[in-house]
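Student: Here is a sequence together with a model predicted from it:
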Amino acid sequence: MKRKVVILLTALFIFFSNFAQNINQYGAPKKIIVAGKIDNFDPNKEVILAVNRIGFSQEKVQVKADSVGNFKTTFESYIPLDAWIRYNNYQANFLVMLHPGDSLFVHFDGKRQRSGNKMFNTILFSGDAAKTNQYASKFQQMYYSMYGESPKKFKAIQKYNTDQYIEYLDNKLQKSQKIFNKFVTKHQPDDESKKWAQLYIECDYYGKLGFVDIRRSVNNPGKNTEPKGISERLFNRLPIDTSMFISSYALSMFSNSFSFVYPYEKMYDILTNRETVISGNNRDSIRIFHIVEFTRDPLLRQIALTEIFSKELDFFRIENYKRFYDLVNTHIKEPFLKEPLHQKYIQIKPSIENPQTNPEAIIKEVADLSINQIMDEILQQNKDKAIYVDFWATWCGPCLAEFPNSIKLEHELKDKDVSFVYICLESEEKQYKAILDKFQLAGQHYLLSSKQSAEIRNHFGISGIPFYLLIDKKGVIMEKGSHLRPLYIKEKINNLNR
């Protein structure tokens, strides 16, 4: 008996020693080069590299291409990962696999195809991992040709209860597995692309598994099917290993679902059994401590915790990172997680503590004004000018994602008779000023109280943000809605100036 115990303990020691060695092999970050050529290139269309970083939000790098479609960009990474190459608002959209130190060249046709899948026939790779990426391209073409949901089906899915939704996801996963098997049989891919493709079909499953009405169940206990059993399915996918890094898109989907679902199931228990109201820091604490306590997979624990703190920092909320700093040091050990997380904190800390806005920005104080008075002031201050109004909030990811496009638009129209007005809703002043510091927007800025925010939402029928108004030189609202994004509004603004 003692001999068996010794053998077992020795095996466990070797396993965890090897595991620790594997996940610590990634020390300093290395440069990655992505270059390429787009045939039938339109210089007015964007090229974007969207890097999927494990534990962090997707990093979108706007790639500058020359007049004939040659482009090149560089970034650094500690670990292997994948990234989306996007052109012309998702007309071309595909994943490439990248390793620290790689230099990859991709050539494809940017001409609009009748079928989006035909674009994959034009993709050619050279450089590092070219063969592996060619296989990945073939898999994506097969997957997208069989994937898709009609608007009618999508509406039906929204009405599914928990059991129905899980059954739907299980069936979809089985169909995806058939696509994978067909891909392997037809193309005989190498091991890395095969591993990547297998993980890719799981990402949709685990990503959507995290949204089985959990939030609605937590906020409105008793009104929906009890969100039980989801975390067990996530646990069955463990362990996480370093071979999964190359599919950072899939792994991020999985870790995001895990860090969201499991603590919220615990919150559901507390809400229903103890009738306790949980919000703010208490909610954050439950998520953090349940991940620490119950996540036995050491790498997943670090990823899930990094993800929570990183998202807080994305919205310029540094309190929890400071509050749980000892916990971060204790439980997040891997350099590819710990170092970028701390650097993010260092970078945004000055914006919180000593924000500096663009000298051309005009910060308005309107705490004592009614909504009608605010709108009257906006019209009077910008008389005989077209006005582009942007409603946003500090906690709104899509709102912040549009600000680089707003800056570009401001610059392109700087000599035109147009004013840019930014109205921030339901936000804390500290985060509001920090975001103005980061993006250095010009224009006129208004921070509304909760009451003012509710009134202006009702006044303009704002159900979601970002939301925009386009006002002509006579003060007449010509158009409004979330579709008036800065990337696509230039021509309409110019028409108002004619």
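Tutor: Thanks, I have it.
Student: Could you use CA atoms for every contact and neighbour count after this?
Tutor: Will do.
Student: which one is Leu305 nearest to, not counting chain neighbours?
Tutor: Nearest non-adjacent residue to Leu305, counting by CA to CA, 6 or more residues apart in numbering: Ile288, 6.8 Å away.
Student: pLDDT wise, what is Met267 at?
Tutor: For Met267, the pLDDT comes out at 44.
Student: just to revisit the earlier point, and the residue nearest to Leu305, how far from Gly443?
Tutor: 39 Å (CA to CA, to the nearest Å).
Student: isn't there a helix covering the residue nearest to Leu305?
Tutor: Yes. Under DSSP: H, G, I helix; E, B strand; the rest coil, Ile288 sits within a helix.
Student: What distance do you get for it to Val328?
Tutor: As for Ile288, its distance to Val328 is 10 Å (criterion: CA to CA).
Student: Longest strand in the protein, please.
Tutor: Secondary structure of the chain per DSSP state E: the longest strand is strand 30-39.
Student: how does this protein divide into domains?
Tutor: Taking automatic domain parsing as the reference, the chain has its domains at 30-146, 157-352, 362-496.
Student: Let me have these in TSV, extended by mean neighbour count.
Tutor: TSV is the format used below for these (neighbours: other CA atoms under 10 Å):
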stretch	mean neighbour count
domain 30-146	18
domain 157-352	17
domain 362-496	17
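Student: what's the least confident stretch among those domains?
Tutor: Of all these, domain 157-352 carries the lowest average pLDDT, namely a mean of 80.
Student: how far is that one from where the chain is centred?
Tutor: 13 Å (CA atoms, centre = their mean, to the nearest Å).
Student: Next, Asn89: secondary structure please.
Tutor: Once three-state DSSP is applied, Asn89 turns out coil.
Student: now the strands for the stretch 301-450 of the chain?
Tutor: 362-364, 386-392, 418-424, 444-447 (DSSP state E, counting those that start in this stretch).
Student: Dump these to a markdown table, plus distance to Asn161.
Tutor: A markdown table is the format used below for the strands of the stretch 301-450 of the chain (distance: least, CA to CA, whole Å):
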| stretch | distance to Asn161 |
| --- | --- |
| strand 362-364 | 47 |
| strand 386-392 | 32 |
| strand 418-424 | 36 |
| strand 444-447 | 39 |
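Student: Out of those strands, the one nearest Phe56 is which?
Tutor: Phe56 lies closest, by CA to CA, to one member of those: strand 386-392, at 22.5 Å.
Student: What strands line up against that closest one, and which way round?
Tutor: strand 418-424 (parallel), strand 467-471 (antiparallel) (DSSP bridges).
Student: So which of these is nearest Ile123?
Tutor: strand 467-471 (36.7 Å).
Student: Just want the phi and psi numbers for Val106.
Tutor: phi -130, psi 140 (degrees, to the nearest 10).
Student: Surely Ile435 and Phe316 touch.
Tutor: Yes. Here Ile435 reaches Phe316: they are 7.4 Å apart, a contact under CA atoms under 8 Å.
Student: Can you tell me how far the residue nearest to Lys172 when sequence neighbours are not counted is from Tyr321?
Tutor: In space, and not counting its chain neighbours, Lys172 is closest to Tyr205: 7.9 Å by CA to CA, 6+ apart. According to CA to CA, Tyr205 stands 31 Å off from Tyr321.
Student: How about Ser453?
Tutor: Counting by CA to CA, the gap from Ser453 to Tyr321 is 29 Å.
Student: again, but for Gln62
Tutor: Relative to Tyr321, and taking CA to CA, Gln62 is found at 29 Å.
Student: neighbouring contacts of stretch 112-129?
Tutor: With contacts defined as CA atoms under 8 Å, 6 or more residues apart in numbering, stretch 112-129 is touched by 91-92, 97-98, 102-110, 131, 133-134, 137-138, 141, 144-145.
Student: So which of those are in helices?
Tutor: Mapping the contacts of stretch 112-129 onto helices (DSSP state H) picks out 131, 133-134, 137-138, 141, 144-145.
Student: packing partners for the longest strand of the chain?
Tutor: strand 70-77, strand 103-109 (3 or more CA pairs under 8 Å, 6 or more residues apart in numbering; DSSP states H and E).
Student: Tabulate those (JSON lines), appending distance to Cys396.
Tutor: Below are the helices and strands packed on strand 30-39 laid out as JSON lines (distance: least, CA to CA, whole Å):
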{"stretch": "strand 70-77", "distance to Cys396": "26"}
{"stretch": "strand 103-109", "distance to Cys396": "34"}
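Student: So which of those is nearest Ser406?
Tutor: Taking the helices and strands packed on strand 30-39 one by one with CA to CA, strand 70-77 is closest: 22.3 Å.
Student: what about the closest one, distance to the chain center?
Tutor: On CA atoms, centre = their mean, the centre of strand 70-77 falls 20 Å from the chain's centre.
Student: can you state the direction angle for it and strand 30-39?
Tutor: 160 degrees (axes from the mean of the first three to the mean of the last three CA atoms, to 10 degrees).
Student: so which strand or helix has the residue nearest to Lys172?
Tutor: helix 191-209 (DSSP states H and E).
Student: related to what we said a few turns ago, what touches both of Ile288 and Val328?
Tutor: By CA under 8 Å, 6+ apart, the residues touching both Ile288 and Val328 are Leu305.
Student: hang on, the earlier thing: I'd say the residue nearest to Lys172 and Tyr168 touch.
Tutor: No. Tyr205 lies out of contact with Tyr168 (CA under 8 Å); the separation is 9.9 Å.
Student: mind checking how far the closest residue to Asp472 other than its chain neighbours is from Trp392?
Tutor: Computed as CA to CA, 6+ apart, the closest residue to Asp472 that is not its neighbour in sequence is Ala386, at 4.7 Å. Distance of Ala386 to Trp392, computed by CA to CA: 20 Å.
Student: could I have stretch 85-93 exported to CSV, CA atoms only?
Tutor: Extracted in CSV, the C-alpha atoms of stretch 85-93 (Å, rounded to 0.1, in the frame of the first residue of the first chain):
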residue,chain,number,x,y,z
ILE,A,85,-7.3,39.7,-40.6
ARG,A,86,-10.2,42.0,-41.6
TYR,A,87,-10.7,44.1,-44.7
ASN,A,88,-13.6,46.3,-45.8
ASN,A,89,-15.9,45.9,-42.8
TYR,A,90,-15.7,42.1,-42.6
GLN,A,91,-15.9,41.5,-46.4
ALA,A,92,-12.7,39.6,-45.8
ASN,A,93,-12.4,38.1,-42.3
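Student: So what touches it?
Tutor: Contacts of stretch 85-93 (CA under 8 Å, 6+ apart): 45-50, 84, 94-96, 110, 112, 116, 119.
Student: Okay, and which of those map to strands?
Tutor: Per DSSP E, those map to strands at 47-50, 84, 94-96.
Student: And those, which is closest to Ser67?
Tutor: Nearest to Ser67 among the ones in strands among the contacts of stretch 85-93, with distances taken as CA to CA, is Val47, at 12.3 Å.
Student: Report the beta-bridge partners for the closest residue to that closest one other than its chain neighbours.
Tutor: Nearest residue to Val47, sequence neighbours excluded (CA to CA, 6+ apart): Tyr87, at 4.6 Å. Assessed by DSSP bridges, Tyr87 has beta-bridge partners Val47, Ala92.
Student: Also Asp82?
Tutor: Beta bridges link Asp82 to Met97 when assigned by DSSP bridges.
Student: need the contact list for it.
Tutor: Contacts of Asp82 by CA under 8 Å, 6+ apart are 51-52, 95-98, 246-249.
Student: and if you look at Arg237?
Tutor: So Arg237 contacts nothing (CA under 8 Å, 6+ apart).
Student: Helix, strand or coil: sort out it for me.
Tutor: Arg237 ends up coil, using three-state DSSP.
Student: quick one: the helices in the stretch 301-450 of the chain?
Tutor: In the stretch 301-450 of the chain, the segments counted as helices under DSSP state H, counting those that start in this stretch are 319-323, 325-331, 335-353, 371-381, 397-412, 429-439, 450-460.
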